[in-house]
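In: Got a predicted model here, sequence first, then my questions.
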Amino acid sequence: MRIRALALRIIRQFVRDKRTLALLFLAPLLILGLMKLVFNGNAIEPDIGLVQAPSAAVGERLEKAGAHVSAYPEAIAAEGALRDRELDAYLAFADGQPSVTLEGSDPSMNQSVLLLLQRVLSESAQAVQPRISYLHGSEDMASFDSFGPVLIGFFSFFFVFMLAGVSFLRERTGGTLERLLATPIRRSEIVLGYLLGFGLFTLLQAALIAWFSIDVLGLYMDGSIWYVLLMNLLLSLTALTLGTLLSSFASNEFQIIQFIPLVIVPQVFFSGLFNLDAMTPWLQYLSRIMPLYYGADAMRDIMIRGEGWSGISTDVYVLAGFSAVFALLNVIALKKHRAI
Amino acid sequence: MSPIQASSAVPVIDVRGVTRRFGSRTVLDGVTLLVERGELFGLLGPSGSGKTTLIKLMTGIDRADEGTVRMLGEPMPKLAMLQRFGYMAQSDALYGELTAKENLTFFGALYGLKGERMNKRMQAAMAIVDLEAHLNKAVSAYSGGMKRRLSLAIALLHEPELLVLDEPTVGIDPVLRQSIWRELGDMRKRGTTIVLTTHVMDEAEKCDRLGLIRDGKLTATGSPEEIKRQSGSASIEDAFIALGGGARA
């Protein structure tokens, strides 16, 4: 009864606050849309210069592989074009030996040039071409498809963390928490009321983000939408409980913002946007205490690898555990404000 | 004392030898205080003297380091007792985005009010503070005085046996202050015990009994007349200075 009253109050406050509603529902869509546009551009077509090619066939093959080719009479002219950034690389043949000079400032461009050149040059050596097949994903999968699932989880986490933190803080600084604690409400009922009230909006947010990224942005999706929603909800609950817990340690809104570089940004690094295998082992262990790591892992398993319950159950339990622990700590932290 | 008669025979507030410290600072120092049923009791003292801390011990929000607090016969803090108190905090604890009605509904639900009884009590409480016409207005559009009155209405909503008011008239214009005092007088006649804090001396005159609190110590208790006589002063203000040691006025 009291939990319901508290949840209802939060819902009413939320509905009145149009800007916050917009932040919760529209901001993630805007950012995801932008991400899609930025990272899903057309395939990179490098500009490659050819110096003294032994035959015209090399140029043709490069063109066929997707490069813009221009021929130069000597290396010095190609080098000039490289400096002026007209070229990304040039391929020179001295005594029939190919040598490649790269512009070199953009690692991803370097890689795509080298990949393309290797493919073209090995073709000429009459090498056996392997047949390529994909266990998960496909040839057409763009990088957005790969980190999109992580982003969906991240937005659920980030916005809910901020909102829950700020609104619980306001309850405290505005004096209403003290007033609330003068009623016969239990401390646990306050935490549960918050969970229920915010839970509704986080569920709606999760559903909207998932629908938008899959149906509108066309994010690669191989698994069940229900598992996606479940993971999003769990991430939001973790963010909600963590946000309200940490707001106990902030004395104003600005100090909530200060938690972003401390709590949110490190989680992004460990969420799988960057390859974890490349990290120092002890750093990899650090990812084990980050809720977003589990959420992102499960989101990728579901959306890209099409895994079901068995693939994500550990992540589900861990996130549920995080939420339970944070909520419990929250109940204890409220003791600071009322002895019983 | 037999437990059956407890509620009528036992003092509403029974504070004995209560000390409360925050770190090395002693905010309340051996306070003993009895308030009987139907009394309008005023706690008088400068800001920072420990009034609000004493109030928080009474309402069960805080716990004493030493001594006992019994309210309506029950040792505090006890969660179930909070149901029997009405509390008005020093700052208006209202939700500005919500209407007055929604604020009342919310707090009413926390005290277990619902349905027909909720509606009846809401109308009655708002009538007492003369805000019936503004029931569906958002609280953010309320003036300071209206917010204060709404806070009072919320404290009255569940018909508590004991009303604890922390500076109920601070920042309220004289006309409104008078009407609130009239309301408090009416409630007391109906048998509600009222404890309030104030640092306005002319308000203190209207209380049945006063407790003078200073630097965490209760320096005197008694009716306004008694206190004036004790100190040989003509006004409560002079008495307060005389009994409080007079070092700082």
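Out: Sure thing, it's come through. The structure presented is a predicted model; accordingly, all values stated were derived computationally and were not measured.
In: does chain B sit close to the helix or strand containing residue A:147?
Out: Here residue A:147 sits within helix A:143-173, counting by DSSP states H and E. No. Judged by C-beta under 8 Å from any C-beta of the partner chain, helix A:143-173 makes no contact with chain B; its nearest approach is 9.1 Å. All C-beta atoms are positioned from the backbone trio N, CA, C, and that covers glycine.
In: The helix or strand following that helix vs chain B: in contact?
Out: Elements were assigned by DSSP H and E; along the chain past helix A:143-173, the next helix or strand is helix A:176-181. Yes. Against chain B, helix A:176-181 shows contacts by C-beta under 8 Å from any C-beta at A:176, A:178, A:179, A:180, A:181.
In: Show me which pair in the residues you listed is furthest apart.
Out: Using C-beta to C-beta, the two most remote members of the residues of helix A:176-181 next to chain B are A:176 and A:181, lying 9.6 Å apart.
In: still on that earlier bit, okay, buried residues for the helix holding residue A:147 please.
Out: A:144-172 (16 or more other C-beta atoms under 10 Å in any protein chain shown).
In: For chain B, which segments count as strands?
Out: B:13-22, B:25-35, B:40-44, B:66-71, B:74-75, B:85-88, B:162-166, B:193-198, B:209-214, B:217-222 (DSSP state E).
In: Including distance to chain A, mean pLDDT and mean neighbour count, could these go into CSV?
Out: CSV is the format used below for the strands of chain B (distance: least, C-beta to the nearest C-beta, whole Å; pLDDT from 0 to 100; neighbours: other C-beta atoms under 10 Å in any protein chain shown):
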stretch, distance to chain A, mean pLDDT, mean neighbour count
strand B:13-22, 11, 89, 18
strand B:25-35, 14, 88, 18
strand B:40-44, 17, 89, 25
strand B:66-71, 11, 89, 18
strand B:74-75, 12, 86, 14
strand B:85-88, 4, 90, 25
strand B:162-166, 8, 90, 22
strand B:193-198, 13, 89, 24
strand B:209-214, 20, 87, 23
strand B:217-222, 22, 84, 18
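In: Could you save these as a markdown table and add columns showing distance to residue B:141?
Out: Shown next, in a markdown table, are these (distance: least, C-beta to C-beta, whole Å):
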| stretch | distance to residue B:141 |
| --- | --- |
| strand B:13-22 | 37 |
| strand B:25-35 | 37 |
| strand B:40-44 | 32 |
| strand B:66-71 | 36 |
| strand B:74-75 | 40 |
| strand B:85-88 | 21 |
| strand B:162-166 | 24 |
| strand B:193-198 | 27 |
| strand B:209-214 | 37 |
| strand B:217-222 | 41 |
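In: still on that earlier bit, now, among the residues of helix A:176-181 next to chain B, which is nearest to chain B?
Out: residue A:179 (3.2 Å; C-beta to the nearest C-beta).
In: And for that closest one, the neighbour number?
Out: By other C-beta atoms under 10 Å in any protein chain shown, 23 other residues sit near residue A:179.
In: Okay, now the unreliable bits of chain B?
Out: In the predicted model, chain B carries pLDDT under 70 at residues B:1-9, B:171, B:244-249.
In: of all the residues in it, which ones are close to chain A?
Out: So far as C-beta under 8 Å from any C-beta goes, chain B lies against chain A at B:59-63, B:77-80, B:82-83, B:85, B:87, B:89-95, B:97-98, B:102, B:105-107, B:109-112, B:114, B:138.
In: can you give me the helices for chain B?
Out: Under the criterion DSSP state H, chain B carries helices at the ranges B:6-9, B:51-58, B:100-110, B:115-128, B:144-156, B:174-189, B:201-204, B:224-231, B:236-243.
In: How about the stretch 151-300 of chain A?
Out: Along the stretch 151-300 of chain A, counting by DSSP state H, counting those that start in this stretch, helices occupy A:176-181, A:187-211, A:225-247, A:253-257, A:259, A:265-269, A:281-286, A:291-303.
In: Deepest-packed of these, please.
Out: Among the helices of the stretch 151-300 of chain A, judged by mean count of other C-beta atoms under 10 Å in any protein chain shown, the one packed with the most neighbours on average is helix A:291-303 (a mean of 27).
In: Mind giving me the packing neighbours of that helix?
Out: Under the contact criterion of 3 or more C-beta pairs under 8 Å, 6 or more residues apart in numbering or on different chains; DSSP states H and E, helix A:291-303 touches helix A:143-173, helix A:225-247, helix A:265-269, helix A:309-333.
In: got a list of contacts for stretch A:14-34?
Out: A:148, A:151-152, A:155-156, A:159-160, A:163, A:197, A:201, A:204-205, A:208-209, A:212-213, A:217, B:97-98, B:138 (C-beta atoms under 8 Å, 6 or more residues apart in numbering or on different chains).
In: So which bits of it are buried?
Out: Those would be A:14, A:16, A:20, A:24, A:25, A:28, A:29, A:32, for stretch A:14-34 by 16+ other C-beta under 10 Å.
In: quick one: the third one and residue A:185, what's the gap?
Out: In this structure, residue A:20 and residue A:185 are separated by 24 Å, where distance is defined by C-beta to C-beta, to the nearest Å.
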